[in-house]
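> The sequence isn't on hand, but the structure is:
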DNA sequence: CCGTCAATTGGTAACGTTACCAATCGGCAA
DNA sequence: TTGCCGATTGGTAACGTTACCAATTGACGG
């Protein structure tokens, strides 16, 4: 058999010559066999099997009008299970359409995003799906992307009118906060992302609206909007819980902040610090929330579905040339009470 | 500017003609500019900017000896945060080597894995990394893969001698079980994957070895080895905890089983069922384990590092032609006591 | 028996890129 | 001044594939 080194992939010419036909007949057979005699098809397929031939998709997509079958995805943090599920949703729909995904992690880095998008376009992707970092977006302008459709997920980019899938951040945060107010809380803290993060801003707006609507004061001393990771969130929670007039409940705008706050609460319980310990409303789900020592309300959503919607939007644009205007899909969230 | 439709990507010829040079000069400029006059380089770069030109990587890799710069990854379940982190680790190292990853989800489906591998090879990937489903592996044989290097992760495939990265499943499970025995438990249940899953089998072996070594009997009534998801794990835990001689501790072979068991324990506490409730040792980490109502020992590991190691193994083979024999890297795990 | 048509097969060219070779130029030593 | 060398530039061909056109075959109706 072929040795490991120098075992170049066989070409369609080699398949053809082994089958005793022309490359065109081999090509036609591979393409479905229309207008090829069955016995020749059989010979071609036998040669394919014997040689271990795989059609070269790169050469194939070189020909004009041929799609590459690749969808480029850039997300901000693959280690976040939320984005893992998102990517899975995209992958599923892409697979249903016979496409493959090519994936890059931006780590919230603007330059990296630019680099990834360039590379994706260089690889002739049929479409792009991305969770934008939020920096300068000149590289996402239509004139830079040519005719490659783009779908944004989770976040919008200022001044960029493209198809977008979002969560109902504002409504979810509003309803979550209302549930705390309904339970009798009035002193409710907020922990979340910095306001330059699209979702951080929207979720704060929902919190703000609920508080204002019910006449509950918003005290800057118990609003912390600059935590991007768990340790920072723990510290922020600690600072507000150490106050003489500590909040009796905390709204957490995302998973990272929720985990941080709960870690701090766990520490206080272990250390025997006096309660009462605050109730939590968390945007984003996490497993075993029902086993927490304080009541946790979850504002839940389906990241995988978000990915599926993003991909669906993309394929609908690929299938339908008509230059429709940009659409936005806002997926609902569910509130899960403790 | 270019309209959305029909705005085909510009080619190097158009760049060249706009810059008033030959395609070769443009190509040389893009390749670094060796032996090209600075003023011409400047004109070429200007044309690139004006036209929004991106080099066609597919055409590029068509030329012999040119790598595609793609690494194919097939994993079993991207929604599992463990594999998300794994993919991230691979992506990081790939990016450091200037490669992109092309990702597919097998969903533990053998046929899907075959399909993905075919497609990856068709796209001329420089290498393959996969978490094998464990089915028939004829499509992974070297003679089928040509000279595309393959690295397996998490699981080994019988009869396939290739580079592999594994966790110290046996040792971790052994040490975790020993910690329960040291704490005075003797009646220790086991919940995990079916034995056809590589890691499920290895982790059971570690459990078995510890039990046998210490003379603790293994009672089939409290060994459940067929749960692949959380609900099944809950049911398995429920069955053994309902026994008259319920285990006082449970070894859980993976994250899914741990969550299921803890859900069941939470239910029993809420329902006021009499304890004592079992201690847990969990292979695989999960967040907030320290806040659980029963002591949870974690056998922890670093999926991202596993991904990095897999990619490192792959690139070392890509860089070094010498047909070394297959290597195995077994990453250590850490035990985190409650 | 001939013309026509459909089915089948093959040859050619082109997709975008770059390795290789040839041609040109300026500078410099003999 | 001539010859040579290095730097620069361009033309050609090839990578693997398939759309398109042309050629061949057999069948069938007139």
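Everything's here; your move. Since this is a predicted model, take the numbers as computed values, not measurements.
> can you give me the helices in the stretch 1-150 of chain A?
In the stretch 1-150 of chain A, the helices defined using DSSP state H, counting those that start in this stretch lie at A:12-19, A:23-30, A:38-51, A:57-62, A:81-96, A:110-122, A:142-145.
> now do the stretch 151-300 of chain A
Under DSSP H, counting those that start in this stretch, the stretch 151-300 of chain A gives helices at A:169-182, A:198-213, A:230-241, A:255-270.
> Distance to residue B:109, mean neighbour count and mean pLDDT added to the ones you listed, as CSV?
The C-beta positions use only the backbone N, C-alpha and C, and glycine is treated the same way. Shown next, in CSV, are the helices of the stretch 151-300 of chain A (distance: least, Cβ to Cβ, whole Å; neighbours: other Cβ atoms under 10 Å in any protein chain shown; pLDDT from 0 to 100):
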stretch, distance to residue B:109, mean neighbour count, mean pLDDT
helix A:169-182, 34, 21, 97
helix A:198-213, 34, 20, 96
helix A:230-241, 35, 20, 96
helix A:255-270, 29, 22, 95
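> Run through the residues that contact the residue lying closest to residue A:223 once chain neighbours are set aside.
Take residue A:223 and drop its neighbours on the chain: the residue closest to it by Cβ to Cβ, 6 or more residues apart in numbering or on different chains is residue A:190, 4.6 Å away. Contact analysis of residue A:190 by Cβ atoms under 8 Å, 6 or more residues apart in numbering or on different chains lists A:204, A:207, A:218, A:222-225, A:250-251, A:253.
> Identify those among those that sit within strands.
Applying DSSP state E to the contacts of residue A:190, the entries found in strands are A:223-224, A:250-251.
> What spatial separation is found between the residue nearest to residue A:223 and residue A:250?
7 Å (Cβ to Cβ, to the nearest Å).
> sorry, back to before: output the ones in strands among the contacts of residue A:190 in a markdown table, with distance to residue A:264, pLDDT and neighbour count appended to each entry.
As requested, the ones in strands among the contacts of residue A:190 are arranged in a markdown table below (distance: Cβ to Cβ, whole Å; pLDDT from 0 to 100; neighbours: other Cβ atoms under 10 Å in any protein chain shown):
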| residue | distance to residue A:264 | pLDDT | neighbour count |
| --- | --- | --- | --- |
| A:223 | 16 | 97 | 19 |
| A:224 | 12 | 96 | 21 |
| A:250 | 10 | 97 | 31 |
| A:251 | 15 | 98 | 33 |
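> Which single one of these is nearest to DNA strand C?
Relative to DNA strand C, the closest of the ones in strands among the contacts of residue A:190 is residue A:224; by Cβ to the nearest atom of the strand it sits at 49.2 Å.
> didn't the closest one look like it was pressed against residue A:191?
Yes: using Cβ atoms under 8 Å, residue A:224 is in contact with residue A:191, at 4.9 Å.
> Give the residues shared as contacts by those two.
Joint contacts of residue A:224 and residue A:191 (Cβ under 8 Å, 6+ apart) are A:236-237.
> Name the nearest residue to residue A:97, ignoring sequence neighbours.
With sequence-adjacent residues excluded and distances taken as Cβ to Cβ, 6+ apart, residue A:97 is closest to residue A:315, at 5.5 Å.
> who in the stretch 51-200 of chain A is up against DNA strand C?
With Cβ under 7 Å from any atom of the strand as the criterion, the stretch 51-200 of chain A meets DNA strand C at residues A:59, A:62-64.
> Out of those residues, who's the most crowded?
In terms of neighbour count, residue A:59 stands highest of these at 17 neighbours, by other Cβ atoms under 10 Å in any protein chain shown.
> Please name whichever of the helices of the stretch 151-300 of chain A is nearest to DNA strand D.
Of these, nearest to DNA strand D by Cβ to the nearest atom of the strand is helix A:198-213, at 42.0 Å.
> quick one: contacts of that closest one?
So helix A:198-213 is in contact with A:134, A:154-156, A:167, A:169-178, A:181, A:188, A:190, A:192-195, A:217-218, A:225, A:251, A:253-254, A:283, going by Cβ under 8 Å, 6+ apart.
> show me which of those residues neighbour DNA strand D.
Of these, not one also sits near DNA strand D (Cβ under 7 Å from any atom of the strand).
> so how far is residue B:87 from the residue of the stretch 1-150 of chain A found nearest chain B?
Distances between the stretch 1-150 of chain A and chain B by Cβ to the nearest Cβ are smallest at residue A:84, namely 3.0 Å. Residue A:84 sits 8 Å away from residue B:87, taking Cβ to Cβ as the criterion.
> Now do the shared contacts for the two.
Joint contacts of residue A:84 and residue B:87 (Cβ under 8 Å, 6+ apart) are A:78, B:78.
> OK, contacts around the residue of the stretch 101-250 of chain A found nearest DNA strand C?
Closest contact between the stretch 101-250 of chain A and DNA strand C, by Cβ to the nearest atom of the strand, is at residue A:122 (7.9 Å). By Cβ under 8 Å, 6+ apart, residue A:122 lies in contact with B:54-57.
> Quick check: of these, which lies closest to DNA strand C?
residue B:56 (3.4 Å).
> Establish whether the worst-scoring helix or strand of chain A on mean pLDDT and chain B are in contact.
Ranked by mean pLDDT, DSSP states H and E, the weakest helix or strand in chain A is helix A:142-145, scoring a mean of 85. Yes: Helix A:142-145 comes into contact with chain B (Cβ under 8 Å from any Cβ of the partner chain), by way of A:142-144.
> from these, which would you call buried?
Neighbour-count burial within the residues of helix A:142-145 next to chain B applies to A:142, A:144; the criterion is 16 or more other Cβ atoms under 10 Å in any protein chain shown.
> tell me which of the residues of helix A:142-145 next to chain B is nearest to DNA strand D?
Nearest to DNA strand D among the residues of helix A:142-145 next to chain B, with distances taken as Cβ to the nearest atom of the strand, is residue A:144, at 26.4 Å.
> Find the nearest non-adjacent residue to that closest one, please.
Nearest to residue A:144 is residue B:52, by Cβ to Cβ, 6+ apart, at 5.2 Å.
> wait, doesn't that neighbour sit right on residue A:141?
No: counting by Cβ under 8 Å, residue B:52 does not reach residue A:141; the two are 9.2 Å apart.
> Would you mind listing what in chain A touches DNA strand D?
Counting by Cβ under 7 Å from any atom of the strand, chain A sits next to DNA strand D at A:8, A:11-13, A:23-24, A:27, A:30-31, A:55-56, A:59-60, A:62-63, A:66.
> Can you flag the buried ones in the residues you listed?
A:11-12, A:27, A:30, A:55-56, A:59-60.
> Could you tell me how many residues sit around the residue in the stretch 151-300 of chain A that DNA strand D sits nearest to?
Relative to DNA strand D, the nearest point of the stretch 151-300 of chain A is residue A:151 (27.6 Å; Cβ to the nearest atom of the strand). By the criterion of other Cβ under 10 Å, residue A:151 has 27 neighbours.
> Quick check: bridge partners of it?
Beta bridges link residue A:151 to residue A:129, residue A:163, judged by DSSP bridges.
> can you tell me which residues contact it?
Residue A:151 neighbours (Cβ under 8 Å, 6+ apart): A:127-130, A:162-165, A:310-311, A:313-314, A:317.
> let's go with 7 Å and repeat that
Residue A:151 is in contact with A:129, A:162-165, A:310, A:313-314, counting by Cβ atoms under 7 Å, 6 or more residues apart in numbering or on different chains.
> Going by distance to residue A:118, which of those residues wins?
Distance to residue A:118 across these (Cβ to Cβ) is lowest for residue A:129, with 16.0 Å.
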